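>>> The following block contains a protein sequence and its predicted model.
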Amino acid sequence: MEKDQANSVSLEKIVALSKRRGFIFPGSEIYGGFANSYTYGPYGVSLKNNIKKLWWKMFVEDREDIVGIDGPILLHPKVWEASGHTSGFNDALVDCKECKKRFRPDHLVEEATGEDLEGRLDDMKRVLDERINCPSCGKRNWSAVRNFNMMFRVPLNTTGSTDEEITYLRPETAGAIFIEFKNVLDSMRVKIPFGIAQIGKAFRNEIVAGNFIFRLRELEQMEIEYFIRPDAEWEPLFEAWLSLQESFAMALGAAPENLRRKEHPKEKLSHYSRKTTDIEFRYPFGGFKELFGLAHRGDFDLRRHAEVSGQPLEYFDSEKMSASCHT
Ligand SMILES: [Zn+2]
């Protein structure tokens, strides 16, 4: 783990200052607090709105090839079945049987060994049992390592139905972008390549958070899906999008030395992804962590929504666009 030499200010100081000066307050504080929730205070919300405005200007208003939408947080549950979130949007978790605290076993293993065992539950359990004590109580008595779906379930109060009907709080904003692809295409006369952008809340039932507003259960995303032809040269475009993301971070005041690119190794890519690169920022806790992600997702999303919905996405069929970018 990198030392945060470039940051002389500790996270504790930032948290305290943010509260004192009206930027960010701990959530539900008068009820003793509520883990991982925060309120943006009067200055905080202005700052956040300015960031969103700058992003919207740079990526939507100033460009001819990107349009915006604002989709719902609650979508048809089949959206998440098609995208793979219902079955595959999981984090591993483990409980300390002594103090009952819950941890991300992949994080504990990586901190102790430097090894990334994401997805390998048995291997994580073995390493935990062999050599890792509970960071909270110091004992070593681990539960089984198991997967936990990170989507928040929402029961729907459907009239006349006795079956439990549920949907989910959206875990990312991209779902609405893909399912409105054809409506945007039919109404806006856009031509490939083009992108659809959205800013909004997304929800992830993170097991352990704790680094202030980094990795909250309720977060705000700024996402773009950019559609290109399958025969387009995507590498220069991918590079251009990385540079754009870096320019945006620097426009917000990030120093270049606090930014770096991290390409995901081939063996860890989703089967549909040709390339995924994160732009990381050096945070005042634990060093470099993801700030933006950029993924070449092929035709996975539109093809899956066409399959699961039974609605032909005709333009997709004839043109077979193949890439999208998460920002
Ligand atoms: Zn413990």
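Right, received. Where do you want to start? Every value quoted in this text rests on a predicted model; they were computed, and no experiment measured them. Residues are numbered from 1 along each chain as shown.
>>> When you work out contacts or count neighbours from here on, use the C-alpha atoms and nothing else.
Noted.
>>> can you point me to the longest helix in the chain?
Determined from DSSP state H, the single longest helix within the chain is helix 234-251.
>>> Report the buried residues of that helix.
238, 241-242, 245-246, 248-249 (16 or more other Cα atoms under 10 Å).
>>> again with stretch 187-197
194-197.
>>> which regions of the stretch 101-250 of the chain sit below the pLDDT cut-off?
Residue ranges of the stretch 101-250 of the chain with pLDDT under 70: 159-164, 208-210.
>>> Which parts of the stretch 1-150 of the chain are strands?
24-26, 38-40, 66-68, 90-95, 102-103, 146-149 (DSSP state E, counting those that start in this stretch).
>>> Can I get those strands in TSV including distance to the ion?
Shown next, in TSV, are the strands of the stretch 1-150 of the chain (distance: least, Cα to the ion, whole Å):
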stretch	distance to the ion
strand 24-26	26
strand 38-40	27
strand 66-68	47
strand 90-95	8
strand 102-103	8
strand 146-149	17
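>>> for these, which one sits closest to residue 203?
Counting by Cα to Cα, residue 203 lies closest to strand 146-149 out of the strands of the stretch 1-150 of the chain; the figure is 12.0 Å.
>>> Which strands border the closest one, and is each parallel or antiparallel?
When pairs are called by DSSP bridges, strand 146-149 turns out to pair with strand 90-95 (antiparallel).
>>> Who's the closest spatial neighbour of residue 36, skipping the chain neighbours?
Leaving aside its sequence neighbours, residue 36 sits nearest to residue 216 (Cα to Cα, 6 or more residues apart in numbering; 5.8 Å).
>>> Hmm, residue 26 and residue 33 touching each other?
Yes: Residue 33 is within contact range of residue 26, at 6.6 Å (criterion: Cα atoms under 8 Å).
>>> The residue nearest to residue 36 and the ion, how far apart?
Distance, residue 216 to the ion, using Cα to the ion, to the nearest Å: 23 Å.
>>> and if you look at residue 179?
Distance from residue 179 to the ion, by Cα to the ion: 44 Å.
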